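Enquirer: Turn this into a structure:
(one chain, ligands or ions: 1)
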Amino acid sequence: MSRINLAPGVSWVGVVDWNIRDFHGYTTSRGTSYNAYLIKDEKIVLVDTVKHNFAEELLNNISRIVEPSKIDYIIVNHVEMDHSSALPAIAKIAKDAVIVASQRGKEAIAEHYEDNFNVKTVKTGDSLELGTKTLRFIEAPMLHWPDSMFTFLVEDGVLMPNDAFGQHLASSKRFDDEVDEHLLMEEAKKYYANILMPLGPLITRKIQELNQMSLVLRVIAPSHGIIWRSDPMRIVKAYLEWSGDKPKKKAVIVYDTMWGSTDKMARAIAEGISHEDIEVRLIKLRSSDLTEAVTEILDAQAVLVGSPTLNNQMFPTVAAFMNYITGLKPRGKLWWFFGSFGWGGGSARSMMEQARKAGFQVGDSTVEVRYVPDVNDLKKCSEFGRQVALEIKAR
Ligand code: FEO
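Expert: Down below sits the predicted model:
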């Protein structure tokens, strides 16, 4: 591997996980990377580590630049194991290294690993002098764990915000000007939707806080995926847009079907919505996955969820979706529910109850069909879709 520099003396030493497809439930169809950074000054600093099964590769990457035993500090911006589980292996070699973390990070390290690490805690505004360079720390609690912290390399303007501004994208390229920009933004959006969606207000406040610090930001180097160097503000602006509760005039229909009835209903509803010239997307859950569904919902104003009734309950894939989406707490959307049944109804009502309990804004109207929808039922579905479109238009 040739040396990959973000700035003089600042190198990427992470690893690419080409084959991961399930990242604790997130479908990583394009793999990911675990980014770690090495700063070589009078002091030598490793910023974050990688997943434990890549510890040897991380050590090899470091060895091409410095002897790993010479590392003075290991910054742990976030203790989730994709970034910290190689820490015991690295610390065993870098025996004198001081580990630097937030107070919550120190506690989380102790609760994850049995090793007796030498941990120095830092808080927002604290600095670490490395010789000619300075690290400044910015706590970022709940972005996305209580321990989360950003590290800023002052002289080079490099922000290392760990999970924030990342993407699950494996690539032989490291920088935003080296990859397809549409692919990059698509993966950044998917990452935001599935990991950071519940944290919109916190993200907005953190970006305001960074602005008030008047940091000269030249590079944003996240812990997953591609590094933003050509226009780092592009991803910051995208985060402000995604967190800003200003959805597009777009509807997403998420559904599943047993014998095709709910599928016919979904198509008729979509026809009614598009009749009013509103963009609509259909996602059948067993032909797609939750990760894709949530990404489509991020910028939609209306979400319609359809389910057959199985054992008096919503269909299992729809139940999994409802569980996932209520946890992600999307804001500023209108929700409607519909479904089919045979002898005992219930799926639409169950979904409405769950959504209301989660604080979603749920429309009162619904459409339910017994067994197979006939021409009149499909007309009702189309009209239901048209009414949804008119509500979208009116907002
Ligand atoms: Fe990439 Fe929160 O771990």
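Enquirer: Only C-alpha atoms from now on, for both contacts and neighbour counts.
Expert: Fine.
Enquirer: The protein against the ligand: which residues are in contact?
Expert: Within the chain, the residues that sit near the ligand (Cα under 6 Å from any ligand atom) are Glu80, Asp82, Asp163.
Enquirer: most surrounded residue in those residues?
Expert: For the residues of the chain next to the ligand, the largest neighbour count, defined by other Cα atoms under 10 Å, is 28 neighbours, found at Asp163.
Enquirer: Report the contact partners of that one.
Expert: Leu143, His144, Pro222, Ser223, His224 (Cα atoms under 8 Å, 6 or more residues apart in numbering).
Enquirer: Secondary structure element holding it?
Expert: In the assignment (DSSP states H and E), Asp163 maps to no helix and no strand.
Enquirer: Can you pull the phi/psi pair for it?
Expert: phi -60, psi -30 (degrees, to the nearest 10).
Enquirer: Lys393 versus that one, what's the distance?
Expert: 36 Å (Cα to Cα, to the nearest Å).
Enquirer: just Glu155 next, same as before
Expert: 49 Å.
Enquirer: C-terminal to the longest strand seen in the chain, what's the next element?
Expert: Longest strand in the chain, counting residues (DSSP state E): strand 361-370. For strand 361-370, the succeeding helix or strand toward the C-terminus, using DSSP H and E, is helix 375-394.
Enquirer: just for the protein, where's the confidence low?
Expert: 1 (pLDDT under 70).
Enquirer: ok, Asn19 to Phe117 distance?
Expert: Asn19 is 32 Å from Phe117, by Cα to Cα.
Enquirer: So for those two, which residue has more residues nearby?
Expert: Ranked by neighbour count (other Cα under 10 Å), Asn19 and Phe117 place Phe117 first, with 18 against 12.
Enquirer: residues touching that one, list them.
Expert: Going by Cα under 8 Å, 6+ apart, the list of residues near Phe117 reads Ile99.
Enquirer: Dihedrals phi and psi, it?
Expert: Torsion angles, degrees, to the nearest 10, at Phe117: phi -70, psi 150.
Enquirer: Next: Leu240.
Expert: Leu240 adopts backbone torsions of phi -60, psi -40, taken as degrees, to the nearest 10.
Enquirer: Hmm, it is touching Arg205, no?
Expert: No: judged on Cα atoms under 8 Å, Leu240 makes no contact with Arg205 at a distance of 9.8 Å.
Enquirer: got the domain boundaries for this structure?
Expert: With domains defined by automatic domain parsing, the chain comprises 4-243, 252-390.
Enquirer: Now do the end-to-end distance for stretch 244-259.
Expert: Start-to-end, stretch 244-259 (Cα to Cα) is 39 Å.
Enquirer: now do stretch 308-317
Expert: 10 Å.
Enquirer: starting at the chain centroid, how far to it?
Expert: 29 Å (Cα atoms, centre = their mean, to the nearest Å).
Enquirer: Show me what counts as buried in that stretch.
Expert: Pro308, Thr309, Leu310, Gln313, Met314, Phe315, Thr317 (16 or more other Cα atoms under 10 Å).
Enquirer: partner residues bridging the fourth one?
Expert: Under the criterion DSSP bridges, Gln313 forms beta bridges with Leu310.
Enquirer: I'd say it and Ser347 touch.
Expert: Yes: applying Cα under 8 Å as the test, Gln313 and Ser347 come out as touching, 5.4 Å apart.
Enquirer: Do you have the strands of the stretch 151-300 of the chain handy? List them.
Expert: 158-160, 219-220, 248-255, 279-284, 300-307 (DSSP state E, counting those that start in this stretch).
Enquirer: which one of the ones you listed lies closest to Cys381?
Expert: strand 300-307 (11.5 Å; Cα to Cα).
Enquirer: one step back: now render the residues of the chain next to the ligand as CSV, adding distance to Arg104.
Expert: Converted to CSV, the residues of the chain next to the ligand look like this (distance: Cα to Cα, whole Å):
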residue, distance to Arg104
Glu80, 12
Asp82, 17
Asp163, 16
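Enquirer: one step back: pick out whichever of Leu240 and Arg205 has more residues nearby.
Expert: Leu240 (17 against 12).
Enquirer: Identify the residues contacting the more buried one.
Expert: Contacts of Leu240 by Cα under 8 Å, 6+ apart are Ile203, Thr204.
Enquirer: swap in Glu383?
Expert: Ile269, Gly272.
Enquirer: From Ser365, how far out is it?
Expert: From Glu383 to Ser365 the distance is 11 Å (Cα to Cα).
Enquirer: Neighbours of the closest residue in space to Ala97 that isn't next to it in sequence, how many?
Expert: Using Cα to Cα, 6 or more residues apart in numbering and skipping the chain neighbours, the partner closest in space to Ala97 is Asp72 (4.4 Å). Asp72 has 19 neighbouring residues, counting by other Cα under 10 Å.
Enquirer: what separates Pro330 from Val76, distance-wise?
Expert: With Cα to Cα as the criterion, Pro330 and Val76 are 30 Å apart.
Enquirer: Quick check on these two: which one has the bigger neighbour count.
Expert: Legend: neighbour count by other Cα under 10 Å for Pro330 and Val76, higher for Val76 (28 against 22).
Enquirer: Mind telling me what element Ala319 is part of?
Expert: Using DSSP H and E, Ala319 falls in helix 316-328.
Enquirer: My guess is Glu139 contacts Met149. True?
Expert: Yes: at 4.3 Å, Glu139 counts as touching Met149 under the criterion of Cα under 8 Å.
Enquirer: so what's in contact with those two at the same time?
Expert: Joint contacts of Glu139 and Met149 (Cα under 8 Å, 6+ apart) are Ser102.
Enquirer: For those two, indicate the residue with more neighbours.
Expert: A direct count of neighbours by other Cα under 10 Å for Glu139 and Met149 places Met149 higher, at 32 against 24.
Enquirer: could you measure whichever residue of the stretch 1-150 of the chain sits closest to the ligand against Lys249, distance?
Expert: Going by Cα to the nearest ligand atom, the ligand is nearest to Glu80 of the stretch 1-150 of the chain, at 5.0 Å. Going from Glu80 to Lys249 by Cα to Cα gives 36 Å.
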